[in-house]
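Chemist: Make a model of this:
(chains A and B)
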There are 2 protein chains.
Amino acid sequence: MESAALKDCFDELATEARELYLDSTVPFLEGTPSSIDFLRDWVMPNKPVVFQNATWSAHSKWPNHDYLRQVVGREEISVSVTPNGYADAICENKFVMPEERRMQFSKFLDIMENRENYSGIFYVQKQNSNFTEEFQCLMNDAERHIPWATEAFGKQPDAVNFWMGDSRAITSMHKDPYENLYCVIDGAKTFALIPPTDQPFVPYEDYPAAVYKETTEGHFEIINDPDTGSVPWIAVDPLDPDLEKYPQFTKARPLTVTVKAGEMLYLPSLWFHHVQQTHGCIAVNFWYDMEYDIKYNYFKFVENLVKSTRE
Amino acid sequence: MESAALKDCFDELATEARELYLDSTVPFLEGTPSSIDFLRDWVMPNKPVVFQNATWSAHSKWPNHDYLRQVVGREEISVSVTPNGYADAICENKFVMPEERRMQFSKFLDIMENRENYSGIFYVQKQNSNFTEEFQCLMNDAERHIPWATEAFGKQPDAVNFWMGDSRAITSMHKDPYENLYCVIDGAKTFALIPPTDQPFVPYEDYPAAVYKETTEGHFEIINDPDTGSVPWIAVDPLDPDLEKYPQFTKARPLTVTVKAGEMLYLPSLWFHHVQQTHGCIAVNFWYDMEYDIKYNYFKFVENLVKSTRE
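Modeler: Take a look at the predicted model:
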């Protein structure tokens, strides 16, 4: 098969996705859906959507830092620290993970309120179900799962994560093997979302792993991490893509959506996403294990085709 | 890309489907599912299943031909007639459609009971929602839709079809753009089912269209139908495949399932299927429009790849 013919097929896959079923912008729906509508209209076709007007007591309580200090201030939590806001991202041709620090949550709030006094950019973003592990004291203000989603997926979430951080902290483009319900409690998050059918235009490279380390105050070094070895990661930053090196990326057509306090994004499995936020934005997200079914099967098939063209 | 590499990718698509989520035989479940379980466990992953113990009054009434004659015997209905049992199938390198005859249903029952007295093989198989059009008198014995399926799909069936025919009548391998619930009322149907991910192994050819016509008693001719033009159809008969011409078909792995009276097959959209039946078998099937979403999108992508390799 001619590689030009394969490229035509990739182009048609992405174009037909837009013509047949993808929305040109992420829709916003008032209120929460029934489990069957959620499953039929969004999960099955693998389409993002925002549900408005979530009503947890967290939405009124958590924007008040005094409340947070009182309830959870003394808890020791994990914080990611980087010099540039990029944790788990490409720097100097390496895949660089953040420095992980343990501190009391009240200390982290001090940093959020006076960031100019601290070196580094701080982000609570530990995706190990840190909400149920480190922020138990806040759990009564929120939900431990989303009942209509749990019924739709037929299972409890695998992880519930708490997020709070600096506006300079950015999550680099990646995908997760999870169905994701992302609830913004305070502030706003802006997602750039690329559908799985654009996969052929999203370049991956293998990078040696490394970790940031603040060796002297204000000075971060990049330390190689040979134990982790090599990490395949997306080679373009959608905010500043190198289109000379990766011209195919112009064909990827991100949907951009800003999710505000009280709103909940359904971010379907295998969508590539890049995330920015307002300063001090607080969010909780629910990861439900994805199904390794026909959609995943086809996604891997496209991945194998892309790999074959590179070999 | 090397065509050998593309073949490897096709092989892996089909193999991973079996390793990840396809069942090695079609499962039988007792009773009917909830709409959400049906959608999550079978429709979303596009997997066939049989639900047992449907309980319509049709199941006790329709096996009695006296009852059928009394209720619907005088209605004029459409019957497909062929010399060999193959309607909409390949013969003499043409796509040959059946002769369509109109007759009272009581006449059709006479033929079923004394088939040796008639030339040709008769099959009530008109897929134009003939159940709601031609067999209205029987509708109170059955359901006009399947409530849990209607809720799952979020719509009413597009067509409800009534099937009754000779054991020699065979439905050649094909696929439909429908989600199909196939309910056997009397007798049994045997389906050979090939998953959509085996598509690269299922050869299509273009055939000129034609129609059977019994020109003198017992003698059928094949009359060309230039108005219909050329029809793409599956080039192998799974009961007698020409593996020298189509060696790839050995990689297709049909699931065979026999559905008996009181059982209902969910036959997912885009599965290839070939159907045989016991003599006088009666069935009703419900066609719900399929969604032209990501699964269809990927299916067409594979179809385009297959076409490209032929050009």
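Chemist: how about the residues of the stretch 201-311 of chain A that lie near chain B?
Modeler: Proximity of the stretch 201-311 of chain A to chain B, by CB under 8 Å from any CB of the partner chain, involves residues A:291-298, A:300-302, A:304-305, A:308-309, A:311. Every C-beta, even on glycine, is put in place using the N, C-alpha and C of the backbone.
Chemist: Keep only those of the residues you listed that are in helices.
Modeler: A:294-298, A:300-302, A:304-305, A:308-309 (DSSP state H).
Chemist: what are the C-alpha coordinates of the helix or strand bottoming out on mean pLDDT in chain A, in PDB please?
Modeler: Lowest on mean pLDDT, DSSP states H and E among the helices and strands of chain A sits helix A:130-134, with a mean of 89. These are the backbone C-alpha positions of helix A:130-134, laid out as PDB (Å, rounded to 0.1, in the frame of the first residue of the first chain):
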ATOM      1  CA  ASN A 130      -5.300  11.700  46.700                       C
ATOM      2  CA  PHE A 131      -8.700  13.000  47.400                       C
ATOM      3  CA  THR A 132      -9.700   9.900  49.300                       C
ATOM      4  CA  GLU A 133      -6.200   9.400  50.600                       C
ATOM      5  CA  GLU A 134      -4.900  12.800  51.600                       C
END
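Chemist: Pull out the buried residues from it.
Modeler: Within helix A:130-134, the residues that count as buried by 16 or more other CB atoms under 10 Å in any protein chain shown are A:130-131, A:134.
Chemist: and if you look at stretch A:2-12?
Modeler: Here stretch A:2-12 shows A:5-6, A:9-10 as buried, counting by 16+ other CB under 10 Å.
Chemist: what does it contact?
Modeler: Contact with stretch A:2-12 is made by A:200-201, A:251, A:302, A:305, A:309, B:1, B:6, B:300-301, B:304-305, B:308, B:311, as judged by CB atoms under 8 Å, 6 or more residues apart in numbering or on different chains.
Chemist: what do you get for stretch A:162-171?
Modeler: A:80, A:82, A:84-89, A:108, A:112, A:115, A:121-125, A:130-131, A:134-135, A:138, A:239, A:273-285.
Chemist: And stretch A:65-81, by the same measure?
Modeler: By CB under 8 Å, 6+ apart, stretch A:65-81 touches A:61-62, A:87, A:98-106, A:108-109, A:112-113, A:120-126, A:130, A:134-135, A:137-138, A:169, A:212, A:214.
Chemist: what's the span of it from first residue to last?
Modeler: Terminal residues of stretch A:65-81 lie 21 Å apart, using CA to CA, to the nearest Å.
Chemist: per-residue confidence averaged over it?
Modeler: Stretch A:65-81 carries an average pLDDT of 96.
Chemist: do stretch A:234-244 as well
Modeler: Mean predicted confidence for stretch A:234-244 is 96.
Chemist: cool, and stretch A:288-303?
Modeler: The average pLDDT within stretch A:288-303 is 98.
Chemist: Can you select the buried ones from the contacts of stretch A:65-81 in ChimeraX?
Modeler: In ChimeraX, a selection of the buried entries from the contacts of stretch A:65-81 looks like this (16+ other CB under 10 Å):
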select /A:61,62,87,98,99,103,105,108,109,112,120,121,122,123,124,125,126,130,134,135,138,169,212,214
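Chemist: In helices only, show me the contacts of stretch A:65-81.
Modeler: A:61, A:105-106, A:108-109, A:112-113, A:130, A:134.
Chemist: Between which two of those is the distance greatest?
Modeler: Largest separation among the ones in helices among the contacts of stretch A:65-81 by CB to CB: A:113 and A:130, giving 21.1 Å.
Chemist: Show me what from the stretch 1-150 of chain A comes close to chain B.
Modeler: Proximity of the stretch 1-150 of chain A to chain B (CB under 8 Å from any CB) is limited to residues A:1-3, A:5-6, A:8-9, A:12-13, A:16-17, A:20-21, A:35-37, A:39-41, A:43-46.
Chemist: ok so, going back, of all the contacts of stretch A:2-12, which comes closest to residue B:263?
Modeler: Residue B:263 lies nearest to residue B:300 out of those, by CB to CB, at 32.0 Å.
Chemist: burial count for that closest one?
Modeler: Neighbourhood size, residue B:300 [other CB atoms under 10 Å in any protein chain shown]: 17.
Chemist: Return the list of helices and strands in contact with the host helix or strand of residue A:209.
Modeler: For residue A:209, the enclosing helix or strand under DSSP states H and E is strand A:204-216. Using 3 or more CB pairs under 8 Å, 6 or more residues apart in numbering or on different chains; DSSP states H and E, the elements in contact with strand A:204-216 are strand A:76-82, strand A:94-97, strand A:99-104, strand A:219-224, strand A:230-234.
Chemist: Check the offset of it from the chain's centre.
Modeler: 19 Å (CA atoms, centre = their mean, to the nearest Å).
Chemist: in that strand, what's buried?
Modeler: Buried-residue list, strand A:204-216, by 16+ other CB under 10 Å: A:205, A:207, A:209-212, A:214.
Chemist: of all those residues, which comes closest to residue B:221?
Modeler: The closest of the buried residues of strand A:204-216 to residue B:221 turns out to be residue A:205 (CB to CB; 64.8 Å).
Chemist: Grab the nearest non-local neighbour of that closest one.
Modeler: Closest residue in space to residue A:205, ignoring its immediate chain neighbours: residue A:235 at 4.3 Å, by CB to CB, 6 or more residues apart in numbering or on different chains.
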